[in-house]
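Enquirer: quick one, what's the 3D model for this:
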Amino acid sequence: MAAIGVVRLRVSGCGQNLDLEFESSTKVGAVLDAVAERAGGGLTRRHVKLLFRGKQLGEGGTDTMSLESAGVRDRTKLMAMHTKEYHAEKSVIAALDEFTRQVDGIADPTSVAGQEYLTQIICKLDGVDAQGSDFLRARRKALVKRIEALSEGR
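Expert: Below is the predicted model of the structure:
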């Protein structure tokens, strides 16, 4: 069994240049999660893929492999790319992000004007098509619940 060490990764792509550190025993899936989180915009592992030596990490069950067993060493460069799911859902993700910013921008959600604005946002959210995606549906539902909680003064 090899000694556990630190693996420093440079991940480029998706409009990002990230420097990340992991233990060599870290699973590829955890790296995918970290890259998606650092990329921002509400992305998840399903929206980002990592390429290493021309092959996709995390594909075909390799997301449970450790970095060491996948052949990833210290100071390795990885390429991040958006998946086809991201491209299919990016317009809806952007719309949900905009609605979230609008909700965050309401100074007093308990005022009459704040309540009216929240109601307008909920009506607009009804028009957002989740395109059959459970991820988008869950994200929209979470925003609706948040707005409802604000409306009730919680």
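Enquirer: so where's this protein shaky on pLDDT?
Expert: 1-4, 154 (pLDDT under 70).
Enquirer: do a quick rundown of the helices in it.
Expert: Here the chain has its helices, by DSSP state H, at 28-39, 84-104, 112-126, 134-151.
Enquirer: quick one: contacts for V11?
Expert: V11 makes contacts with N17, L18, D19, L20, V35, L50, K77, L78, M79, A80, as judged by C-beta atoms under 8 Å, 6 or more residues apart in numbering. C-beta here means a position set from N, CA and C on the backbone, and glycine is covered the same way.
Enquirer: whoops, A107 was the one
Expert: Contacts of A107 by C-beta under 8 Å, 6+ apart are G114.
Enquirer: swap in the one 10 residues further on?
Expert: Y117 sits next to Q102, I106 when contact means C-beta under 8 Å, 6+ apart.
Enquirer: any idea how far G127 is from it?
Expert: 16 Å (C-beta to C-beta, to the nearest Å).
Enquirer: need the residue closest to the centroid of this structure.
Expert: L43 (1.8 Å; C-alpha atoms, centre = their mean).
Enquirer: how close does that one sit to T100?
Expert: In terms of C-beta to C-beta, L43 sits 14 Å off from T100.
Enquirer: and D74, by the same measure?
Expert: As for D74, its distance to T100 is 38 Å (criterion: C-beta to C-beta).
Enquirer: deepest of the helices of the chain, which one?
Expert: For these, the largest average neighbour count (mean count of other C-beta atoms under 10 Å) is found in helix 28-39, namely a mean of 19.
Enquirer: can you tell me the closest non-neighbouring residue to A30?
Expert: Distances taken as C-beta to C-beta, 6 or more residues apart in numbering place F22 nearest to A30, at 7.3 Å, with adjacent residues excluded.
Enquirer: picking up where we left off before, distance to L9 added to the helices of the chain, as JSON lines?
Expert: As requested, the helices of the chain are exported to JSON lines (distance: least, C-beta to C-beta, whole Å):
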{"stretch": "helix 28-39", "distance to L9": "7"}
{"stretch": "helix 84-104", "distance to L9": "21"}
{"stretch": "helix 112-126", "distance to L9": "37"}
{"stretch": "helix 134-151", "distance to L9": "25"}
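Enquirer: perfect, I'm done here.
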